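Asker: coords please:
(chains A and B)
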There are 2 protein chains.
Amino acid sequence: MSKLVVVGTVAFDAIETPFGKTDKILGGAATFIGLAAAHFNTEVGLVSVVGGDFPDNYLTMLKDRGMNIEGIEIVSEGKTFFWSGKYHNDMNSRDTLATELNVLADFKPVVPEHFKDANVVMLGNLHPAVQLGVIEQTKEADLHILDTMNFWMDSALDLLKEVIAKVEVITINDEEARQLSGEYSLVAAARKIHEMGPKFVVIKKGEHGALLFHNGEIFFAPALPLEEVFDPTGAGDTFAGGFAGFLAASKDYSFENMKRAIIYGSNFASFAVEKFGTERMQTVTNDEISQRLEQFKALTKFEITT
Amino acid sequence: MSKLVVVGTVAFDAIETPFGKTDKILGGAATFIGLAAAHFNTEVGLVSVVGGDFPDNYLTMLKDRGMNIEGIEIVSEGKTFFWSGKYHNDMNSRDTLATELNVLADFKPVVPEHFKDANVVMLGNLHPAVQLGVIEQTKEADLHILDTMNFWMDSALDLLKEVIAKVEVITINDEEARQLSGEYSLVAAARKIHEMGPKFVVIKKGEHGALLFHNGEIFFAPALPLEEVFDPTGAGDTFAGGFAGFLAASKDYSFENMKRAIIYGSNFASFAVEKFGTERMQTVTNDEISQRLEQFKALTKFEITT
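Answerer: Residues are numbered from 1 along each chain as shown, chains lettered A, B, ... in the order given. Okay, here's the model as predicted:
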C-alpha cells in the first residue's frame, strides 16, 4: 500500500459563527487533512506535536479513523496549539481572536522511519522551517504538496520561497496567490507561481471553487452550492486532504488525475463545513461521499456538439 | 426562423478602468444583448429609444450585424441615455459617476408588429414599467427572460415583483439575488425567487461563473479564467444575449438546453470584457466563438468512474 505523510497542526480551536459558538474543540490542519485522506486506500501518517493537555480520546479517534499517529510528538509539560476565530456574517471573512503557539514554538518534526519512503507528502499550513524539515526527511517522495497562508508570506517569505521551490504542487487561496505573485489576475498569478517552482498550482476560491493550472492548461472544479455553511474552519485543509489522499492512493500524478483529486478535495470540503470543527468529517461515510460525487458530476456536465 | 425581441437601453457610456478611459462610446443593455444574440439563427428585434444626438453609423452597425432596429424610436429633439462609471482596481466594483436618463424618462416601448409573435423576449435592464409594457405586447411568447438590477429593487420593488411574477426565467447577479430574497445562501435565495414566479433562476457571479437553478437541480457554468479583464461593462448583458439568442434559435426550453445556453452566454461574455465597450463584440467571429467553446468544455471536464 502507498504511504502519505501529513505534517500540520493538531490543535484546539474555539470558533464563533453566526450559528453558534464552541469552547475548545479539536482542530488543526493535520487533523482535517488526515480525516479526509484516511478515506483512501493509502497509509496516512501524521507528523505533529501536542501538549500534555491534549485528550487521549482525540488521539484514539485519529487512530480509529485509520491514521498512524506515531509521528505526533506529545510534550507532556507543554500546551497544545490554540486558535480562536470569529466568522463574519458572510462566512467568507473572519477575525482571529487568539493564536497561542505553545508547543508549536519549538517544534522539530520527526518523520517516523516507516514513513520516510512515503509516496506523497502533504505539507499542511505550518512554519516553512518545519515544512523544510519534513522535505529533508522525505526526499524520495514522488510528490510534495504545499499548503500555506498569508501569515507566512508576511513573516517568513524567504524561507517560504525555499519551500515553494522544492514542491511539485502548491495549494493556495486566491488572495494569497495575489499576494505571493503581485498579480491580480489569477491566470497571471499562477504563471508567476509556476516560475517559483511548482508544476501544478491549485488556487482555492472557497465557495467559488478551485482552479488547477499546469503547463498553460486550466481545470476548474466548482464548490457544491450549499443551503447553509455552518463553519468554514478546516475546509481548505479538508480539501487538501481529499486531494493528497486520492493522489497517494492512485500513485498517478498526471494532469488528468489531478483533476479527479481536486473533485475529491472539493467533495470532502463540502462535508467539512456542515458542522462545527471536525464533527462532520468524523462521521462522513464512503457512501455519502460517493453520492455527493454524483452531484459534483451533474453540476458542471453539459453536452454541446459542434 | 424564430424571433427574439430584446428590450433595453441603447446608450452612450463613458468608462474609466485601470487600463484607460473613454469618451462617450456606444453602450446600453440592448446593444450588448443584441450583438451577442445576432450570432444565432434567429431574427433579433431591438426595442429601445435614442435621442437626435445618436450617430447614424451606430444604427447602421447594429443593422449590419443583423439586428432589426425598427423598434428603436428616435426622439430627434431629445438626448440619448448616458451612463458614466469608474471601475476599481479589482474590476469587480465600480462607482457610477453619472446617469442621465434623457429620452429614457418618458419611454413607452412599442414592439413592431412583425415581432409581436416573438418566440423569446429578453427584457434587458430597464424600468420595470417598461418591461411590463413589453410583456403586454408579447403575450404569445414561449419564454420571457428578465434581467434586472438592484437599482430597481431600491426604487420600484412592487412593480419589479409584478414583472418577476410574469417571467419564466430571471437572470440576476449574486448580490442582487441576496437583496431580492433576503437570503445569504444562493441556494436559499434561488428557492425564494422561484416562489416569486420564475421556473428558472440564473445567478450571475461575474468572474466566478453562473448558476442555474430549476426544480431543485443546479447547474454551474464557470467563467473562463482570463489573463486580463479590460472592461467589464456589458458583460452581464452579453451573457444574457448569448443565453437568449441560443434559446430563441433552438426553441428548446428544457433544463438541458438551458445549460447549453448558459455556456454560450459565458462564452460571449468572455469576449465582451477584452476591449472597451462593444468593441470586441462588434468583431468577434463565429470561428472564435467555436474555438473558445472548446476551452469551456475542457475547463470543467473530468472522468471519475465509481
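
Asker: Enumerate the residues of the stretch 51-200 of chain A near chain B.
Answerer: When proximity is defined as Cβ under 8 Å from any Cβ of the partner chain, the stretch 51-200 of chain A approaches chain B at A:Asn89, A:Asp90, A:Met91, A:Tyr184, A:Ser185, A:Leu186, A:Val187, A:Ala188. Using the backbone N, CA and C atoms, a C-beta is placed for each residue, glycine as well.

Asker: Turn these into JSON lines, columns for neighbour count, pLDDT and secondary structure.
Answerer: Shown next, in JSON lines, are these (neighbours: other Cβ atoms under 10 Å in any protein chain shown; pLDDT from 0 to 100; DSSP: H, G, I helix; E, B strand; the rest coil):
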{"residue": "A:Asn89", "neighbour count": "9", "pLDDT": "78", "secondary structure": "coil"}
{"residue": "A:Asp90", "neighbour count": "12", "pLDDT": "74", "secondary structure": "coil"}
{"residue": "A:Met91", "neighbour count": "20", "pLDDT": "76", "secondary structure": "coil"}
{"residue": "A:Tyr184", "neighbour count": "15", "pLDDT": "91", "secondary structure": "coil"}
{"residue": "A:Ser185", "neighbour count": "17", "pLDDT": "92", "secondary structure": "coil"}
{"residue": "A:Leu186", "neighbour count": "23", "pLDDT": "96", "secondary structure": "helix"}
{"residue": "A:Val187", "neighbour count": "17", "pLDDT": "96", "secondary structure": "helix"}
{"residue": "A:Ala188", "neighbour count": "18", "pLDDT": "96", "secondary structure": "helix"}
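
Asker: now, which of those residues sits nearest chain B?
Answerer: Among these, A:Val187 lies closest to chain B (Cβ to the nearest Cβ), at 4.7 Å.

Asker: The closest one touches B:Val229, doesn't it?
Answerer: No - judged on Cβ atoms under 8 Å, A:Val187 makes no contact with B:Val229 at a distance of 10.3 Å.

Asker: one step back: ok, of the residues of the stretch 51-200 of chain A next to chain B, which one's closest to B:Tyr264?
Answerer: Closest approach between those and B:Tyr264, by Cβ to Cβ: A:Val187, at 22.0 Å.

Asker: low-confidence ranges in chain A?
Answerer: Along chain A, segments meeting pLDDT under 70 span A:306.

Asker: what ranges do the helices span in the stretch 51-200 of chain A?
Answerer: Using DSSP state H, counting those that start in this stretch, the helices of the stretch 51-200 of chain A run over A:56-64, A:128-137, A:150-155, A:157-166, A:174-181, A:186-195.

Asker: and the first one, what other elements does it pack with?
Answerer: Going back to what we said before, that points to helix A:56-64. In this structure, helix A:56-64 makes packing contacts with strand A:67-75, judged by 3 or more Cβ pairs under 8 Å, 6 or more residues apart in numbering or on different chains; DSSP states H and E.

Asker: Can you give me the buried ones in the strand it packs on?
Answerer: Across strand A:67-75, burial judged by 16 or more other Cβ atoms under 10 Å in any protein chain shown covers A:Met67, A:Asn68, A:Ile69, A:Glu70, A:Gly71, A:Ile72, A:Glu73, A:Val75.

Asker: Partner strands of it and their direction?
Answerer: strand A:43-51 (parallel) (DSSP bridges).

Asker: And the partner strand, how far out from the chain middle?
Answerer: Centroid separation between strand A:43-51 and its chain, computed with Cα atoms, centre = their mean, to the nearest Å, is 14 Å.

Asker: list the helices and strands the helix ranked longest in chain A packs on?
Answerer: Ordering each helix of chain A by length in residues (DSSP state H) puts helix A:255-272 first. Other helices and strands packing on helix A:255-272, by 3+ Cβ pairs under 8 Å, 6+ apart, are helix A:29-37, strand A:200-204, strand A:210-214, strand A:217-221, helix A:235-250, helix A:279-283, helix A:286-300.

Asker: got the contact list for the last one?
Answerer: Read that as helix A:286-300. Residues outside helix A:286-300 that contact it (Cβ atoms under 8 Å, 6 or more residues apart in numbering or on different chains): A:39, A:221-222, A:224, A:263-264, A:266-268, A:270-271, B:217-222, B:300, B:304, B:306.

Asker: The same query, at a cut-off of 7 Å, please.
Answerer: Residues outside helix A:286-300 that contact it (Cβ atoms under 7 Å, 6 or more residues apart in numbering or on different chains): A:39, A:222, A:224, A:263, A:266-267, A:270, B:218-220, B:300, B:304, B:306.

Asker: ok, back up a step: from the buried residues of strand A:67-75, which is closest to chain B?
Answerer: Proximity of those to chain B (Cβ to the nearest Cβ) peaks at A:Met67, which lies at 24.1 Å.

Asker: Setting aside sequence neighbours, what's the nearest residue to the spatially most central residue of chain A?
Answerer: Among the residues of chain A, the one closest to the centroid is A:Asp237, at 2.6 Å (Cα atoms, centre = their mean). Once flanking residues are discounted, A:Asp237 sits nearest to A:Phe32: 3.6 Å by Cβ to Cβ, 6 or more residues apart in numbering or on different chains.

Asker: Can you report how many residues neighbour that neighbour?
Answerer: Neighbours of A:Phe32 under the rule other Cβ atoms under 10 Å in any protein chain shown: 31.

Asker: In contact with it, which residues are there?
Answerer: For A:Phe32, the residues meeting the contact criterion (Cβ under 7 Å, 6+ apart) are A:Gly234, A:Asp237, A:Thr238, A:Gly241, A:Ala272, A:Thr278, A:Met281.

Asker: ditto for A:Glu77
Answerer: A:Glu77 neighbours (Cβ under 7 Å, 6+ apart): A:Gly52.

Asker: ok, now how distant is it from chain B?
Answerer: Between A:Glu77 and chain B the computed distance is 45 Å (Cβ to the nearest Cβ, to the nearest Å).
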